[in-house]
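Enquirer: Provided below for reference: sequence and predicted model.
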Amino acid sequence: MDHFPTNWGRPRHEGFDAYGTFPIHQRPTNGPKDAFKEGIERTQQPIVTGTSVLAIKYKDGIMMAADNLASYGSLARFKDISRLHAVGNNTIIGAGGDMSDFQYIQTILDDITTEEFTAQDGHSLGPAEIHEYLSQVMYARRTKMNPLWNALLVGGVKDGKKFLAYVDLLGTTYSASTLATGFGGHLAIPLLREAVEGREDTLTEEEALRIIENSMRVLFYRDARSLNKYQVAIVTEAGVKISESLKVETSWSFAEGIRGYGAQTQ
């Protein structure tokens with residue numbers, strides 16, 4: 001017996017089956033599939049995402065920070081994720097947005113780093129070259145990823161020059177002494193600009209760490225998709241160093257004195 005309703009006769013509407021519940025053009029089939037085509041599809045609806053990445057210039061190089069949370073929608077699902085990735089000896093990237101896209105970007109960057117090493121021509125890719133490459137890759141694949149979610153910060157030091165720049169899938173690229181993705185672009189940038197701009201060549205590493213920590217604390221207080229665990233990447237002429245997970249010290253005792261919401265009106 002044929003149990004499929006559309007085979008019993010003409011449906012009420014050519015676009016739907018007899019029950020009106022499944023568009024015909026989307027009906028799953030058991031026919032052969034192009035496995036290669038399925039394998040290269042990128043994320044269209046981000047599921048596991050990371051929030052803000054912060055980066056600043058200081059006297060000796062570039063400092064970048066990102067928390068360790070990857071949220072599954074609204075669920076704080078993965079709390080030990082690194083969103084900072086070293087590329088070669090003098091470049092660091094930080095990703096905000098979909099984590100599967102970031103994993104793909106890590107793969108292609110590792111591939112070109114290997115190719116550059118095996119060439120043995122005495123040259124290496126610097127942060128400016130990595131940024132240019134990523135701007136082309138991300139823009140070219142803007143139809144395969146979700147442009148509203150993905151943004152990268154690229155920083156590094158090469159030949160005594162500090163480089164810090166932003167790139168996303170909308171074709172936006174720019175450089176500044178203070179950068180941030182996600183909510184950090186609204187909450188942390190004013191703090192970073194006030195503390196850093198004009199002091200890029202005198203700011204010590206200890207002062208830069210305090211600025212980053214304070215900004216990460218503000219983000220944890222205000223951004224529901226953030227976490228109080230974070231990592232800091234430091235790039236100098238000596239190379240790239242990514243810290244272990246650090247913890248922001250916070251205090252919520254002030255909440256006891258807040259009145260005016262819910263049942264607390266006195």
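Expert: The structure has been received and is ready for your questions.
Enquirer: What's the separation between the closest residue to Ser215 other than its chain neighbours and Leu219?
Expert: Spatial nearest neighbour of Ser215, excluding adjacent residues (CB to CB, 6 or more residues apart in numbering): Ala188 at 4.2 Å. From N, CA and C alone the C-beta is placed, and that goes for glycine too. Distance, Ala188 to Leu219, by CB to CB, to the nearest Å: 6 Å.
Enquirer: Find residues that contact each of the two.
Expert: Residues touching both Ala188 and Leu219 (CB atoms under 8 Å, 6 or more residues apart in numbering): Ser52.
Enquirer: all helices of the stretch 151-266 of the chain, in order?
Expert: Taking DSSP state H, counting those that start in this stretch to define them, one finds helices in the stretch 151-266 of the chain at 184-187, 189-196, 205-222.
Enquirer: Pull out the buried residues from the first one.
Expert: For helix 184-187, a neighbour-count test (16 or more other CB atoms under 10 Å) marks Gly184, Gly185, Leu187 as buried.
Enquirer: Can you name the next helix or strand after the helix or strand hosting Met63?
Expert: Assigned by DSSP states H and E, Met63 belongs to strand 61-67. Per DSSP H and E, strand 61-67 leads on to strand 70-72 as the next helix or strand towards the C-terminus.
Enquirer: Using CSV, list the CA coordinates for the next helix or strand after that next one.
Expert: As assigned by DSSP H and E, the chain's next helix or strand after strand 70-72 is strand 75-78. The C-alpha coordinates for strand 75-78 follow below in CSV (Å, rounded to 0.1, in the frame of the first residue of the first chain):
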residue,chain,number,x,y,z
LEU,A,75,22.7,28.4,26.5
ALA,A,76,26.2,29.0,28.0
ARG,A,77,27.2,25.6,26.7
PHE,A,78,31.0,25.5,26.2
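Enquirer: Neighbouring strands - and their directions - for strand 75-78?
Expert: Using DSSP bridges, the strands paired with strand 75-78 are strand 70-72 (antiparallel).
Enquirer: tell me which residues of the partner strand are tucked away?
Expert: Across strand 70-72, burial judged by 16+ other CB under 10 Å covers Ala70, Ser71.
Enquirer: what residues does that strand touch?
Expert: Residues outside strand 70-72 that contact it (CB under 8 Å, 6+ apart) are Ile47, Val48, Thr49, Gly50, Thr51, Arg77, Phe78, Ile81, Arg83, Met99, Arg225.
Enquirer: please redo it, this time with the cut-off set to 10 Å
Expert: With CB atoms under 10 Å, 6 or more residues apart in numbering as the test, strand 70-72 has contacts from 46-51, 76-83, 98-99, 102, 224-227.
Enquirer: my read: Lys57 touches Phe163, true?
Expert: Yes. The pair Lys57 and Phe163 passes the contact test of CB atoms under 10 Å, sitting 9.0 Å apart.
Enquirer: Which residues are in contact with each of the two?
Expert: With contacts taken as CB under 10 Å, 6+ apart, Lys57 and Phe163 have Gly155, Val157, Ser175 as neighbours in common.
Enquirer: out of these, who's nearest Ala119?
Expert: Minimum distance to Ala119 across the shared contacts of Lys57 and Phe163 is 22.2 Å, recorded for Val157 (CB to CB).
Enquirer: Since that was my last question, I'll sign off now.
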